[in-house]
Structures are given as C-alpha cells and as structure tokens.
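K.L.:
fold the following, please.
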Amino acid sequence: MARVFFHKPKFAVLDECTSAVSSDVEGRMYEHAKPQAIWKAHWTLVKVAYLLCRYWVIAVVPYLLWAFCTNHTVEECEKIYCIPIALAMWNQVTSEVILVIQTYAIFNHNNYILTLLVVALAGMVDCQLYVDTSEMLLLPFLQETGPCLPMSKPHSAHLLGFFIAPLLYNTIFTVMSC
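P.N.:
This next block holds a predicted model:
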C-alpha cells in the first residue's frame with residue numbers, strides 16, 4: 001500500500017495488502033486511497049455511476065425528508081407524492097449499473113452477457129417507472145394535513161413490485177457469479 005501511495009500508479013492490483021494491519025487502519029487506508037483513485041481518474045461510465053450512487057442520496061435526502069416527514073395539505077401531496085420515489089429510484093439504478101459493469105468485466109467483456117444485463121436493467125427501470133407513474137395513490141390522511149406517503153392502488157401489489165424488481169435483478173448477478 002505504501003508503494004501505491006508513494007508512486008501513485010494509474011492502476012494497481014492489491015492482493016492481501018492490508019492483512020497485517022487492523023481493520024481500523026485498513027479502513028483509513030482505503031478512505032485515503034479512494035479520493036485519489038476516483039477524483040483524479042478520467043471521466044468514465046464507472047466513475048459517473050460510482051459518484052451518482054455515492055452522492056445522489058445526499059442531494060435528494062432534504063427533499064425526501066420534506067415530502068415524507070413534514071405535514072402537507074392534500075392538494076400539495078397530490079402534486080408531489082410520486083416525485084420522491086422517482087428520485088430515490090435513480091440511486092438504486094446507478095448501483096445496478098456498477099454491477100453490470102463489474103459482471104461484464106468478470107465475464108471477459110462478453111457482449112451477450114452485457115446485452116442480457118442491459119435488457120434486464122431496462123426491464124427493471126421500466127417496471128419501476130410504470131409503478132411510480134401509474135400504479136400509486138396517495139395514502140389517505142388521518143387529519144387535514146400529513147406527510148406525502150404513497151400506497152398501491154386497491155387490489156394491487158405494484159408498490160411491492162417496485163422493491164422486488166431490484167431484488168430479482170440482483171438475483172441474476174448472484175446466480176451468474178456462483
């Protein structure tokens with residue numbers, strides 16, 4: 001690790017480089033190495049996906065807290081209750097893009113694997129956008145005002161499908177990597 005910090009190579013393969021240090025020191029070493037590797041690297045799909053996955057949540061959490069934790073009138077909620085779900089979805093999609101890139105690399109840049117994974121990702125995003133735009137209702141308020149919380153339409157489990165689609169997508173990666 002010391003050589004990596006000193007020479008600052010463009011690429012390094014580290015095998016058991018932290019086995020002789022405590023987990024606390026190992027964490028600090030990786031935290032020190034990450035900004036150098038991420039911020040100084042050229043802009044690639046991997047870098048963009050990593051940064052979106054890591055920092056998108058920070059950008060949208062204030063809005064999510066405002067929508068889900070403060071009281072609004074029914075009229076306000078009718079306008080905004082789908083937006084928080086759509087915003088939160090993109091953080092999860094970027095983490096799935098990182099999985100696609102990693103799996104593509106593990107399978108020696110096999111274009112058939114890439115096609116399968118991209119089509120599955122598109123299906124997952126399509127399912128989530130469908131649920132977000134047409135299959136949710138506003139959870140009824142108990143008082144005149146309340147937080148803007150979504151619910152599935154009656155006799156429907158689409159909102160549950162919104163969360164199950166990514167689990168099924170991740171199952172593909174688990175099966176492929178076993």
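K.L.:
can you pull out the helices in this protein?
P.N.:
According to DSSP state H, the chain carries its helices in the segments 2-7, 23-39, 45-69, 74-80, 83-106, 111-134, 158-177.
K.L.:
ranking the ones you listed by burial, who's on top?
P.N.:
For those, the stretch with the most neighbours on average is helix 83-106, a mean of 17; neighbours defined as mean count of other Cβ atoms under 10 Å. Every residue, glycine included, has its C-beta placed from N, CA and C.
K.L.:
which elements pack onto that helix?
P.N.:
If you count contacts as 3 or more Cβ pairs under 8 Å, 6 or more residues apart in numbering; DSSP states H and E, helix 83-106 packs onto helix 45-69, helix 111-134, helix 158-177.
K.L.:
possible to save those helices as TSV with mean pLDDT?
P.N.:
Conversion of the helices and strands packed on helix 83-106 to TSV gives the following (pLDDT from 0 to 100):
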stretch	mean pLDDT
helix 45-69	83
helix 111-134	86
helix 158-177	76
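K.L.:
measure stretch 139-152 end to end?
P.N.:
Start to finish, the residues bounding stretch 139-152 are 9 Å apart (Cα to Cα, to the nearest Å).
K.L.:
which other residues reach it?
P.N.:
In this structure, residues lying in contact with stretch 139-152 by Cβ atoms under 8 Å, 6 or more residues apart in numbering are 67-74, 76-77, 80-82, 84-85, 135-138, 158-160.
K.L.:
centre of the chain versus that stretch, how much separation?
P.N.:
Between the mean C-alpha point of stretch 139-152 and the mean C-alpha point of its chain there is a distance of 26 Å (Cα atoms, centre = their mean, to the nearest Å).
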